[in-house]
Every structure is written in C-alpha cells, then in structure tokens.
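S.K.: Let me see the structure of the following:
(one chain, ligands or ions: 1)
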Amino acid sequence: MSCQTPIIVALDFPTRDAALALAGRLDPSSCRVKVGKELFTRCGPSIVEDLQAKDFEVFLDLKFHDIPNTTAMAVKAAAELGVWMVNVHCSGGLRMMQACREVLEQLAGARPLLIGVTVLTSMEQADLADLGLDIDPRQQVLRLAALAERAGLDGLVCSAQEASALKDQSPGLQLVTPGIRPAGSAADDQRRILTPGQAMAAGSDFLVIGRPISQAADPAGALAQVLTELG
Ligand SMILES: O=c1ccn([C@@H]2O[C@H](COP(=O)(O)O)[C@@H](O)[C@H]2O)c(=O)[nH]1
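M.R.: Got it, this is the predicted structure:
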C-alpha cells in the first residue's frame, strides 16, 4: 500500500512488541515508519521485515558515518532489505556520499532514497561552537547540503527551520524534517523545531514525528490531529 501523506512516525522503542503494537494502531496509507538505532540494535533486520509485512514503507534511520567503503556497503545492505529510505551523515564527506550513491546505482531494481543528515535538530549554535564550528546552524546546513547535492544524494535530513533556504539553494533535494512539535507539545531534547503546519509551509517534503505520536495516550488520534492540521 502506498502512503498518501508526508508523515513518518519514529518507532523509538526498546522492544519489538512495543514497536509492532504502535504500528498495529497506525494505517500504512496514513504514514510511513522510521526504524532508528535503538529499535534496530535491539531487534536487528527482522523488525524491518515485520513492518514491511504490515505494508509499511520503512525509513532505516541509522545515520551511517564511516569511511567510504564501509558506509557504501552498509547502504547496500539496507537497500537489500528493501527499505524505502536510508541515510548517511553528510559530515562523512563528499567521497563517502558519492560511494553510497554509486553502490545504489549498481543495484538492479528499486533502490531506496539516499538522504544526507546535515546538522541534528537537537543542536543549536552553542553545540556547534563546542565542536569548534564557529558557524550558525543554518549556514552549516546549507554548506553540507551543497556537498550532498554534488554527491548526487536524493535529499537531506534537516530542521524545517532551514527548509525554505534549502529549497532556494537546492530545489531538487527532498527535505526530511524531524524536530516537529504540534503547538503546545514539549520540545524535549529538540532545539530547532516547528509545528507540522509551519514545516510544510516552509517546504518540508516529509515530517518525522516521534514522541508527540508514540507517547500520546491515543497515537492514532495524535496522528489524525496532525493530518487535520495539514488539511
Ligand atoms: O536531526 C535529526 C535526525 C534524526 N532525528 C530522529 O527523529 C526522531 C525524532 O523524534 P521526536 O521524538 O519527534 O523528537 C528521532 O528518532 C531522532 O533520532 C532527529 O530528531 N533529528
């Protein structure tokens, strides 16, 4: 079943049962799902297969970051799992991202979207300064986006706060934006946030939403509310 909405629900859970219980309350035509480091490390590739068996398209959010060959082989393994989207850190550099794109081009059949993580949405300027990067997060995102575009990636993970500037600079890249918070919900550890409506208006293509849905008393209701906000 092909998904009709831009929502990707982050299944950040410590067990297969918890992840599948939430997936069981969601409709694969209303959202895609994201498997991240916690769930994948606990369950392994079979959790992806379990979600695909429920008709969900899966974003494998492992944010690979290593030397070009190692990263490309990890991306190839993800592609062979049949995931819809996979990502690498742009800060792994141009040659690393090119190697990942090239390995996907060599595969027969459908391949996943290859997305570059720019600056994590949990980070603000002071966090970059701690890393020795004396730069505004938006400028760093734009710089990494240009590199990802040169490498031939399909899109970026960024904050929706940068979406408008990115659509001006790199209109061909698809923008996947976590750090989405419906009005009134807690920011948690996120720093560069927008509401679902603001994010779509700014130019996001896909909205990643975790806790505001997964920790809600009624997750399906929370998702429905987001979809209503988007019209
Ligand atoms: O820059 C990034 C990249 C990835 N994420 C991931 O998205 C979800 C967000 O979850 P919330 O509960 O809605 O905060 C989570 O899985 C992160 O690993 C991100 O937040 N920011």
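S.K.: and the longest helix seen in the chain, how far from the chain's centre?
M.R.: Counting by DSSP state H, the longest helix found in the chain is helix 137-151. What separates the centre of helix 137-151 from the centre of its chain is 16 Å, taken as Cα atoms, centre = their mean, to the nearest Å.
S.K.: ok, then the element right after it?
M.R.: Later in the chain than helix 137-151, the nearest helix or strand by DSSP states H and E is strand 155-157.
S.K.: What residues of stretch 130-145 count as buried?
M.R.: 137, 138, 140, 141, 142, 144, 145 (16 or more other Cβ atoms under 10 Å). Placement of C-beta: from N, CA and C, glycine included.
S.K.: Which positions in the chain make contact with the ligand?
M.R.: 10, 12, 36, 117, 120-121, 157, 178-179, 188, 190, 208-211 (Cβ under 6 Å from any ligand atom).
S.K.: Out of those residues, grab the one that's most surrounded.
M.R.: The most crowded member of these, judged by other Cβ atoms under 10 Å, is residue 157 (28 neighbours).
S.K.: Excluding sequence neighbours, find me the nearest residue to that residue.
M.R.: Counting by Cβ to Cβ, 6 or more residues apart in numbering, the nearest residue to residue 157 once its immediate chain neighbours are dropped is residue 117, at 4.4 Å.
S.K.: For the one you found, give its distance to residue 127.
M.R.: Distance, residue 117 to residue 127, using Cβ to Cβ, to the nearest Å: 15 Å.
S.K.: ditto for residue 120
M.R.: Residue 120 is 8 Å from residue 127, by Cβ to Cβ.
S.K.: my read is residue 49 is in a strand, agree?
M.R.: No: assigned with DSSP: H, G, I helix; E, B strand; the rest coil, residue 49 falls outside any strand and is helix.
S.K.: quick one: contacts for it?
M.R.: residue 81 (Cβ atoms under 8 Å, 6 or more residues apart in numbering).
S.K.: so what pLDDT did it get?
M.R.: pLDDT for residue 49: 98.
S.K.: Could you point out the longest strand of this structure?
M.R.: Taking DSSP state E as the criterion, the chain has its longest strand at strand 58-64.
S.K.: which non-adjacent residue is nearest whichever residue of the chain sits closest to the ligand?
M.R.: For the chain, the residue closest to the ligand is residue 210, as judged by Cβ to the nearest ligand atom, at 2.5 Å. Distance criterion Cβ to Cβ, 6+ apart; nearest residue to residue 210, sequence neighbours excluded, is residue 10 at 3.4 Å.
S.K.: So what pairs up with the one you found in the strands?
M.R.: Using DSSP bridges, the bridge partners assigned to residue 10 are residue 34.
S.K.: what about it, distance to residue 73?
M.R.: Look at residue 10 and residue 73: by Cβ to Cβ, they are 25 Å apart.
S.K.: picking that back up, in helices only, show me the residues of the chain next to the ligand.
M.R.: Filtering the residues of the chain next to the ligand for helices - DSSP H - leaves residue 211.
S.K.: of the residues of the chain next to the ligand, closest to residue 196?
M.R.: residue 209 (7.5 Å; Cβ to Cβ).
S.K.: hang on, the earlier thing: same for the longest strand of the chain, what does it pack against?
M.R.: Packing partners of strand 58-64 (3 or more Cβ pairs under 8 Å, 6 or more residues apart in numbering; DSSP states H and E): strand 32-35, helix 37-43, helix 46-53, helix 68-80, strand 85-89.
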